[in-house]
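**Q** quick one: sequence and predicted model below, then my questions.
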Amino acid sequence: MSEINVSPAFTQIADFHASRLMAEILGAVAVVISTADGFEVAARARDAAQSSRLAAMASSIAAIGAVIGDETLSGACRGIFIEADKGQIVMVEIRHPDHILILTVVADEQALLGAVTYSARQTALVLAKA
């Protein structure tokens, strides 16, 4: 669990949405909702050990995205999309009033990047209001 104060109620909602995304996204391999400093809040993954590593990596990658946004005067980084040989990784920011979180979705080559991105962004909007 995170060092920031994520309420049990929010954690329960996050768990629900992580499960829902795993079930709904064709080819989903992992869904991780984590704090900006890399602590797992909720996760579902084919490989359970993968979720903690993904939370830590998402924090580092989001930090790089923030610096790039600042340096290029592009503004705040809202998402990062990685297209790989065997799938894709979509990371989107959850702008909750109490804290910033990161939603990471890893999907295999069956998934369509647009569909994964849409589902992740919609879920991030829901969680931002939870």
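**A** Noted; the coordinates are in hand.

**Q** select the longest helix from this protein.
**A** Of all the segments of type helix in the chain, defined by DSSP state H, the longest one is helix 50-71.

**Q** just the residues contacting it, thanks.
**A** With contacts defined as C-beta atoms under 8 Å, 6 or more residues apart in numbering, helix 50-71 is touched by 29-30, 32, 34-40, 43-45, 74-77, 80, 91, 93, 102, 104, 106. For every residue, glycine as well, the C-beta is placed using N, CA and C.

**Q** contacts only, for residue 22.
**A** Shown in contact with residue 22 (C-beta under 8 Å, 6+ apart): 28, 30-31, 44-45.

**Q** where neighbours are concerned, which of the residues you listed has the most?
**A** The residue in the contacts of residue 22 with the most neighbours, by other C-beta atoms under 10 Å, is residue 31 (30 neighbours).

**Q** all helices for the chain, in order.
**A** For the chain, the helices defined by DSSP H occupy 8-24, 50-71, 113-128.

**Q** what's residue 74 sitting at in phi/psi?
**A** Main-chain dihedrals, residue 74, degrees, to the nearest 10: phi -90, psi -10.

**Q** now the most centrally placed residue in the chain: how far from residue 87?
**A** For the chain, the residue nearest the mean C-alpha position is residue 103 (1.5 Å; C-alpha atoms, centre = their mean). Noted for residue 103: a distance of 17 Å to residue 87, by C-beta to C-beta, to the nearest Å.
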